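Visitor: This is a predicted model, with the sequence first.
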Amino acid sequence: MSSRARPLLIGLLVVELAVGGYLVVTRLGRPPVPQVDVRRLPPATAAAIRHLESQADSDRPAAWRELGEAYLAYGYLPEGEVVLARAVALDETNEAVRWMHARCLERLGRLDEAIAEFERVASGSDAGRDPDCWQRIGKCRLRAEQPEKAIAAFEKALPSSLAEFELARVLLRTGRVDEGMKHIEQLRRTQPLDIFLETVAVEGARLQGDLFRMAVAEERAERGTGEMEQQREWKDLELIRSRYGLMAELAECSAELEARRAAQAVNRFETVLQTNPPEVTEVLLTNGLQMTYLAQDLSTASRWVASFEPRLAISPLARHILGEMEWNGGSRQRAREWLAASQKMQPKSEVASRLAELSEDKGSAERRAEYRSEVFWLEGVDAYRIGSFEAAEGHLQEAARRRPQDPLPEFYRGEIALSQREWSTAEKAYGRAIARDPHCGRAHDRLRALASRSGSSE
């Protein structure tokens, strides 16, 4: 070896040893990635989690964040907290990561730490997160049995509808009944027939001693769905789940439906049923049957039911959907059989008869009129939700006549027209809703969307 080459080789060796030593020290100093038992997850989802674990063996904040969010979304809370804490340490200015870390701390019951983390996010630059942060802080205060501090937090979160719902509940529980009921009435303008809201309204009416309004709220609760709670309380976690495995496949079906491609949604759902048969539940099958209803694909619906009925209990709603489809297809006898089976499994509530008794025997003429308009409204929304648009239109038209100040019957008439692509009719219905209540935000949103569509088509 020449004398000139020797210093160069020594220099390269020193650099290699230094870099190698740095890499070894860095790897040894890095916390290990927590491993979880994925056997309870669908195979495709489990494989996605394992892939995320392999990607997190680095100092990339995004890799730790994605793994931590997945752990949180699928219920691996202790492991998720460790991973998200690491993501925060690697990227302290990222408020979205802090938000997820706070959610994980909250679910673990480490309330003081969660509140502190939510407050850091609320004081950050993303003002759009403030209502969500204060709503979560209020929930933590309630769990810590600090109702007055919870009320203060929920008030800071207004006008968030979810925070207003929680505020109404805690006001009722602390004896401020009239204040709580004012918030409930305000929420009813934007959250019609929400089962959680109406259940609280039942309690409020009971505390006020108003049996009639209590019965009305009970009827609305039995007809309602938990849209506010389901769509907002866990929306961030549902979005995370929709990235992986079975939930990702279902998200693709939903995207097809939103694009008004019902037949394509049915085809995608068919793939879900074929590739994930152990994961198919009664609820999942019912969702699929709703897709077949929108596509008017009775053949596929019947085949799915025949395939899964030996293992699953077909829900009353699923039987009702099949009955509607058989009726539309001309098989009246078969339709009656499905509808009778649905009615037998879930007979009509007795609350309606109690309402009638209260209004007819003990109520004033004003209350009887209120009851009748309520029935038309409830029946109209029921028919709209199962796709019986002709019946829904009749009920909602009568409800609109009986409730001249209420924008919601006209809004839902607009939704029916929109579903049938009758753009002009929908525009007129939304306009009538706004004429009744200029603050009907959803009607304004629909009109803007229709105007945008009209502009793009030109």
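Guide: Nice, thanks for sending it over.

Visitor: got the domain boundaries for this protein?
Guide: Using automatic domain parsing, the domain parsing of the chain gives 158-224, 244-340, 369-446.

Visitor: For the closest residue to G288 other than its chain neighbours, the count of nearby residues, please.
Guide: Using C-beta to C-beta, 6 or more residues apart in numbering and skipping residues adjacent in sequence, the residue nearest G288 is F269, 4.6 Å away. Where you see a C-beta, it was placed from the backbone N, CA and C, and this is true even at glycine. A count of nearby residues for F269, using other C-beta atoms under 10 Å, gives 26.

Visitor: Verify the contact between F269 and M291 for me.
Guide: Yes. Assessed by C-beta atoms under 8 Å, F269 is found in contact with M291 at 5.7 Å.

Visitor: residues bridging contact with the two, i.e. touching both?
Guide: Here F269 and M291 have C253 as joint contacts, going by C-beta atoms under 8 Å, 6 or more residues apart in numbering.

Visitor: so which of the domains of the chain comes closest to P131?
Guide: domain 158-224 (4.0 Å; C-beta to C-beta).

Visitor: Now the helix or strand harbouring E218: average pLDDT?
Guide: Using DSSP states H and E, E218 sits in helix 211-223. Taken as a whole, helix 211-223 has a mean pLDDT of 76.

Visitor: do the same with stretch 421-436
Guide: 91.

Visitor: What residues sit buried inside it?
Guide: Neighbour-count burial for stretch 421-436, counted by 16 or more other C-beta atoms under 10 Å, picks out 426-427, 429-430, 432-434, 436.

Visitor: now do stretch 118-127
Guide: Buried, per 16+ other C-beta under 10 Å, within stretch 118-127: 118, 120-122, 124.

Visitor: Let me have those in CSV, extended by secondary structure.
Guide: Listed next are these as CSV, based on DSSP: H, G, I helix; E, B strand; the rest coil:
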residue, secondary structure
F118, helix
R120, helix
V121, helix
A122, helix
G124, coil
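
Visitor: what's the closest of the residues you listed to A217?
Guide: Out of the buried residues of stretch 118-127, the member with the shortest distance to A217 (by C-beta to C-beta) is F118, at 32.2 Å.

Visitor: Roughly how far does the closest one sit from C440?
Guide: 32 Å (C-beta to C-beta, to the nearest Å).

Visitor: can you check L250 too?
Guide: From L250 to C440 the distance is 31 Å (C-beta to C-beta).

Visitor: Wait, S342 touches R319, no?
Guide: Yes. If you go by C-beta under 8 Å, S342 and R319 touch, sitting 3.9 Å apart.

Visitor: circling back to that earlier point, could I get the buried residues of stretch 421-436 as JSON lines with secondary structure and distance to R141?
Guide: Formatted as JSON lines, the buried residues of stretch 421-436 follow (DSSP: H, G, I helix; E, B strand; the rest coil; distance: C-beta to C-beta, whole Å):
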{"residue": "A426", "secondary structure": "helix", "distance to R141": "43"}
{"residue": "E427", "secondary structure": "helix", "distance to R141": "45"}
{"residue": "A429", "secondary structure": "helix", "distance to R141": "42"}
{"residue": "Y430", "secondary structure": "helix", "distance to R141": "39"}
{"residue": "R432", "secondary structure": "helix", "distance to R141": "42"}
{"residue": "A433", "secondary structure": "helix", "distance to R141": "37"}
{"residue": "I434", "secondary structure": "helix", "distance to R141": "38"}
{"residue": "R436", "secondary structure": "helix", "distance to R141": "38"}
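
Visitor: nearest to A259, of those residues?
Guide: A426 (17.6 Å).

Visitor: Which of the three states applies to the closest residue to that closest one other than its chain neighbours?
Guide: Spatial nearest neighbour of A426, chain neighbours left out: A417 (3.7 Å); criterion: C-beta to C-beta, 6+ apart. With three-state DSSP as the basis, A417 sits in helix.

Visitor: For A417, give me its contacts.
Guide: Applying C-beta under 8 Å, 6+ apart, the residues contacting A417 are 423, 425-426, 429.

Visitor: low-scoring pLDDT stretches of this protein, where are they?
Guide: 1-30, 125-128, 223-235, 343, 345-364, 367-368, 385-387, 453-458 (pLDDT under 70).

Visitor: Next one: A153 from A48, what distance?
Guide: 36 Å.

Visitor: I meant to write L289 there.
Guide: Taken as C-beta to C-beta, the span from L289 to A48 is 28 Å.

Visitor: Of the two, which one has the most company?
Guide: L289 (26 against 19).

Visitor: Need phi/psi at D194.
Guide: phi -90, psi 120 (degrees, to the nearest 10).

Visitor: how far away is it from L162?
Guide: 11 Å.

Visitor: do A417 as well
Guide: 30 Å.

Visitor: Ok, L294 next?
Guide: Following C-beta to C-beta, the distance that separates L294 from L162 is 29 Å.

Visitor: Neighbour count for those two, which is higher?
Guide: L162 (24 against 16).

Visitor: in which helix or strand would I find the closest residue to Y71 other than its chain neighbours?
Guide: Leaving aside its sequence neighbours, Y71 sits nearest to G80 (C-beta to C-beta, 6+ apart; 3.3 Å). Using DSSP H and E, G80 maps to helix 77-90.

Visitor: Name the residues that touch that helix?
Guide: By C-beta under 8 Å, 6+ apart, helix 77-90 touches 31, 33-36, 56, 59-61, 64-65, 67-69, 71-72, 94, 97-98, 100-101, 104-105, 107-108.

Visitor: Just the buried ones among these, please.
Guide: Here, 16+ other C-beta under 10 Å leaves 33-34, 36, 56, 61, 64-65, 67-69, 71-72, 94, 97-98, 100-101, 104-105 buried among those.

Visitor: Counting neighbours, what do you get for S302?
Guide: That count, for S302 with other C-beta under 10 Å as the rule, works out to 16.

Visitor: shouldn't it be in contact with I321?
Guide: No. At 11.3 Å, S302 does not count as touching I321 under the criterion of C-beta under 8 Å.

Visitor: wait, what's in contact with C253?
Guide: 265, 268-269, 272, 291.

Visitor: now the one helix or strand it maps to, how far from the centre of its chain.
Guide: Assigned by DSSP H and E, C253 belongs to helix 245-258. Computed by C-alpha atoms, centre = their mean, to the nearest Å, the chain-centroid distance of helix 245-258 equals 14 Å.

Visitor: any chance you could map the strands in the stretch 201-350 of the chain?
Guide: In the stretch 201-350 of the chain, no strands are defined using DSSP state E, counting those that start in this stretch.

Visitor: What are the boundaries of the helices in it?
Guide: Per DSSP state H, counting those that start in this stretch, the stretch 201-350 of the chain carries helices over the ranges 211-223, 227-228, 235-241, 245-258, 262-275, 282-295, 298-308, 316-328, 332-345.

Visitor: can those go into CSV with extra columns for distance to A391?
Guide: Below are these laid out as CSV (distance: least, C-beta to C-beta, whole Å):
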stretch, distance to A391
helix 211-223, 15
helix 227-228, 21
helix 235-241, 31
helix 245-258, 22
helix 262-275, 20
helix 282-295, 14
helix 298-308, 19
helix 316-328, 10
helix 332-345, 13
